[in-house]
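Enquirer: structure of the sequence below:
(2 chains)
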Number of protein chains: 2
Amino acid sequence: MVNQSNFLKQRLSSVILMIEVEVKASVNDFAAVTDKLINIGAVRIKKEHQTDVYYNAPHKDFGQTDEALRIREIPDDGEKRIILTYKGAKMDKVSKTRKEIEVDVFDAENTGLILENLGFIRVATVIKDRVIYHFGKFIVTLDTVYNVGKFVEIETEANEDEDTGESIKKIFDIYKKLGIEDGFERRSYLELMGIV
Amino acid sequence: MVNQSNFLKQRLSSVILMIEVEVKASVNDFAAVTDKLINIGAVRIKKEHQTDVYYNAPHKDFGQTDEALRIREIPDDGEKRIILTYKGAKMDKVSKTRKEIEVDVFDAENTGLILENLGFIRVATVIKDRVIYHFGKFIVTLDTVYNVGKFVEIETEANEDEDTGESIKKIFDIYKKLGIEDGFERRSYLELMGIV
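Expert: This is a model prediction of the structure:
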């Protein structure tokens, strides 16, 4: 409370409660995928460097419950974005669809310290370069994950009550257009790293 | 991740890891205290309306461990501040000195949803009007806590390694100057409300 005079902060509320409908595929050749993304009219939005610190819980094993808790740092051009994210268990057998709740925070270190003081345990750091395309209401990302590999993720969002089957079907249609018909991967990067 | 295009956010990092050295006293008459605050040269900073939502943990009872986890909302003039705070157990027998870690967040609702999805349980809401004075490196607050009462808190901060005894002594000196020599209260507002 001592800093209560230090108040001139500009911020923006970020309310996101959604179901993340998402399918991931292991891909060797980004060049071919990039060509096809341009051909179908996807729009390149940006490239990001992301550092994700994952935590496990003191009272259950997120590896077992299929939940995740993460602090993501994205150092943008001069301005860092920091996001605390909770992910619920996957909701079907084919995609990575799950509940996702996120909130932007002002400081990664103190957010981590609060989690650690609450008993959460830092288990892994995932670092990646992510190139982001938009295609209609879908987001296509080309991830180069350090020490793991290259992956294409396609995702969209749904309301909590919405049927996600149609979105998943459309995601697989886009994969087909990108020439990707196998290599689908439901395991998280943490699982692929052998950490959970 | 769907909102990754929604990026133009202005924010400021807030790094606060400190020991909160704090003594609280139950007070009937704010008018007399206010007069004395002015006499000793304390500076009135502002008045705030604060809404604090407290959580208990899924794996231990903060009422037993003397920890606290809180989301505070302060709707300032047009601009709301939202703070997630962890408080460690009290560190001595006379004051409320304890470790405090806080981080400003962009959204109270999603922060609460993340805590609840992690298994934390919302246990109470404390609402108060707080008038804040600065007196040297001390902060004096006059709290009118809804359904609880009126309290004067005097606090300062210390580094994690610092001896807090001298600060506590100075705090009691200030209480004396304010004409407050009894009514000291180590119980939290939650405890006074009979919630923990």
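Enquirer: which residue does chain A bring closest to chain B?
Expert: Nearest residue of chain A to chain B: A:His59, at 3.5 Å (CB to the nearest CB). Using the backbone N, CA and C atoms, a C-beta is placed for each residue, glycine as well.
Enquirer: report how many residues lie close to that residue.
Expert: Applying other CB atoms under 10 Å in any protein chain shown, we find 12 residues neighbouring A:His59.
Enquirer: in space, what's closest to it - neighbours in sequence excluded?
Expert: Nearest non-adjacent residue to A:His59, counting by CB to CB, 6 or more residues apart in numbering or on different chains: B:His59, 3.5 Å away.
Enquirer: phi and psi next, for that neighbour.
Expert: phi -110, psi 0 (degrees, to the nearest 10).
Enquirer: right, and A:Asp92 touches A:Ile168 too?
Expert: Yes. Using CB atoms under 8 Å, A:Asp92 is in contact with A:Ile168, at 7.4 Å.
Enquirer: if you count what's nearby, which of those two comes out ahead?
Expert: Neighbour count, other CB under 10 Å: between A:Asp92 and A:Ile168, A:Ile168 has more, with 21 against 13.
Enquirer: tell me the SS of A:Gly112?
Expert: Three-state call for A:Gly112 (DSSP: H, G, I helix; E, B strand; the rest coil): helix.
Enquirer: could you do A:His134 as well?
Expert: A:His134 - assigned by three-state DSSP - is strand.
Enquirer: partners of it in the sheet?
Expert: A:Val43, A:Ile139 (DSSP bridges).
Enquirer: for chain A, which segments are assigned as strands?
Expert: For chain A, the strands defined by DSSP state E occupy A:16-26, A:43-56, A:68-75, A:80-90, A:98-105, A:121-135, A:138-145, A:149-158.
Enquirer: deepest-packed of the ones you listed, please.
Expert: Neighbour counts (mean count of other CB atoms under 10 Å in any protein chain shown) averaged over each of the strands of chain A peak at strand A:98-105, with a mean of 23.
Enquirer: top helix in chain A by residue count?
Expert: helix A:165-177 (DSSP state H).
Enquirer: what is that one packed up against?
Expert: Packing partners of helix A:165-177 (3 or more CB pairs under 8 Å, 6 or more residues apart in numbering or on different chains; DSSP states H and E): strand A:16-26, helix A:30-40, strand A:138-145, strand A:149-158.
Enquirer: for the closest residue to A:Val27 other than its chain neighbours, what are its contacts?
Expert: Of all residues not flanking A:Val27 in the chain, A:Val152 sits nearest, at 4.8 Å (CB to CB, 6+ apart). Counting by CB atoms under 8 Å, 6 or more residues apart in numbering or on different chains, A:Val152 makes contact with A:Lys24, A:Ala25, A:Val27, A:Phe30, A:Val33, A:Val140, A:Thr141, A:Leu142, A:Asp143, A:Tyr175, A:Leu178, A:Ile180.
Enquirer: what's the last one sitting at in phi/psi?
Expert: When you say that, I think you mean A:Ile180. phi -110, psi 110.
Enquirer: enumerate every residue touching the closest residue to it other than its chain neighbours.
Expert: With sequence-adjacent residues excluded and distances taken as CB to CB, 6+ apart, A:Ile180 is closest to A:Ala25, at 5.1 Å. Taking CB under 8 Å, 6+ apart, we find A:Ala25 in contact with A:Phe151, A:Val152, A:Glu153, A:Tyr175, A:Ile180, A:Asp182, A:Gly183, A:Phe184, A:Glu185.
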